[in-house]
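*Asks:* Here is the input, now give the coordinates:
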Amino acid sequence: MKRILLALLGLVLLFGCGGKRSTGGSVTGTITYKGKPVNGAMLFFHPTSGEGNDIAVPATQEGTFSAFDIPPGEYKIFVESSRIPPEALKGPEIPKGMDPAKAEEMKQKFQQMRGQEAPTIPFPAKYKDVATTDLKCTISQGKQQLTLELKD
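*Replies:* Numbers count the residues shown, from 1 in each chain. Here you go, the predicted model:
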């Protein structure tokens with residue numbers, strides 16, 4: 001009896017906890033402006049049907065991105081740049097008279113905190129608003145490759 005219960009429990013776990021199959025599409029791609037990667041930006045896939053929410057997809061420092069399980073449909077894509085102001089990347093001001101070893105340690109900690117991310121390269125403002133962007137795509141089931149080239 002114990003074996004039957006264990007077997008039934010195993011079947012319930014096997015079939016009842018099976019992963020839900022995705023009905024959405026997956027997309028990978030690159031985003032560039034004037035041949036340079038649009039680094040560290042956030043892409044937003046906005047459903048043109050008006051149903052559903054925007055889907056945020058981060059771009060890497062190399063301008064690559066990937067997203068999975070996006071509902072099929074038509075999308076407009078708008079882009080927001082990273083929020084790191086250029087002056088924040090210069091690092092802290094070292095007080096005069098500070099011990100050089102301490103100053104170097106402070107610089108290294110700052111470098112670790114900020115990582116290797118640079119602010120997103122400048123690109124045309126029209127891509128920053130869903131109303132003015134001309135980037136569009138159609139997502140269908142399965143894998144897709146997208147190349148986004150921003151233009152003046």
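*Asks:* Give me the domain ranges for the protein.
*Replies:* The chain breaks down into these domains under automatic domain parsing: 22-82+119-152, 85-116.
*Asks:* Where among these is average confidence lowest?
*Replies:* Comparing mean pLDDT across the domains of the chain, the weakest is domain 85-116, with a mean of 67.
*Asks:* Now do the same contact list for the residue sitting nearest the centre point of the chain.
*Replies:* Residue closest to the average C-alpha location in the chain (C-alpha atoms, centre = their mean): P58, at 1.1 Å. For P58, the contacting residues are 40-43, 65, by C-beta atoms under 8 Å, 6 or more residues apart in numbering. Just so you know, the C-beta spots here come from the backbone N, C-alpha and C atoms, and that holds for glycine as well.
*Asks:* Pick the one among the residues you listed closest to L135.
*Replies:* Distance to L135 across the contacts of P58 (C-beta to C-beta) is lowest for L43, with 8.6 Å.
*Asks:* Grab the nearest non-local neighbour of the closest one.
*Replies:* Nearest residue to L43, sequence neighbours excluded (C-beta to C-beta, 6 or more residues apart in numbering): V57, at 4.5 Å.
*Asks:* Need the CA coordinates for the helix or strand harbouring the one you found. PDB is fine.
*Replies:* Secondary structure from DSSP states H and E places V57 in strand 55-58. Presented in PDB, the C-alpha positions along strand 55-58 are these (Å, rounded to 0.1, in the frame of the first residue of the first chain):
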ATOM      1  CA  ILE A  55       7.800  44.700 -21.700                       C
ATOM      2  CA  ALA A  56      11.200  46.000 -20.500                       C
ATOM      3  CA  VAL A  57      14.300  44.400 -22.000                       C
ATOM      4  CA  PRO A  58      17.800  45.500 -20.900                       C
END
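*Asks:* neighbouring strands for it, and are they parallel or not?
*Replies:* In the sheet, strand 55-58 lines up against strand 42-47 (antiparallel) (DSSP bridges).
*Asks:* Tell me what the closest residue in space to D129 that isn't next to it in sequence is bridged to.
*Replies:* Of all residues not flanking D129 in the chain, F78 sits nearest, at 6.0 Å (C-beta to C-beta, 6+ apart). Beta-bridge partners recorded for F78 (DSSP bridges): F44.
*Asks:* burial of F78, as a residue count?
*Replies:* Residues within reach of F78, counting by other C-beta atoms under 10 Å, total 19.
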